[in-house]
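**Q** Everything below, folded, please.
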Amino acid sequence: MPLDIDVAFVGTLNPARHGRRGRYLDRLAQLSGRYRVMITEGPAGEDYARILSRSRLVFNPVSYTHLTLPTKVLV
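**A** Presented below is the predicted three-dimensional model:
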């Protein structure tokens, strides 16, 4: 499968659940002029896996208010 998505985000866009995520996704969306960016909510199963397999980088910021975790980048 071709890597036709440079950066992908697949996950909830609900600001009540992930307040800071919206700011990150806004900045990611600004990169769409230079990179092929996909921001989407809802795909599951095979559709979810297909998007991930087409992506060079998957962006998924997670926030846990009760934990302090380092950010990890997997390439």
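
**Q** what residue is smack in the middle of the protein?
**A** Phe9 (2.0 Å; Cα atoms, centre = their mean).

**Q** Just the buried positions in the helix or strand hosting that one, please.
**A** Phe9 belongs to strand 5-10 when assigned by DSSP states H and E. With burial defined by 16 or more other Cβ atoms under 10 Å, the residues of strand 5-10 counted as buried are Ile5, Val7, Ala8, Phe9, Val10. All C-beta atoms are positioned from the backbone trio N, CA, C, and that covers glycine.

**Q** can you redo these as a markdown table with pLDDT?
**A** As requested, these are exported to a markdown table (pLDDT from 0 to 100):
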| residue | pLDDT |
| --- | --- |
| Ile5 | 97 |
| Val7 | 96 |
| Ala8 | 95 |
| Phe9 | 93 |
| Val10 | 92 |
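
**Q** quick one: which of the residues you listed is nearest to Ile39?
**A** Phe9 (4.8 Å; Cβ to Cβ).

**Q** residues contacting the closest one?
**A** Leu25, Leu28, Met38, Ile39, Thr40, Val58, Phe59, Asn60 (Cβ atoms under 8 Å, 6 or more residues apart in numbering).

**Q** change it to 6 Å
**A** Each residue near Phe9 by Cβ atoms under 6 Å, 6 or more residues apart in numbering is listed here: Ile39, Phe59.
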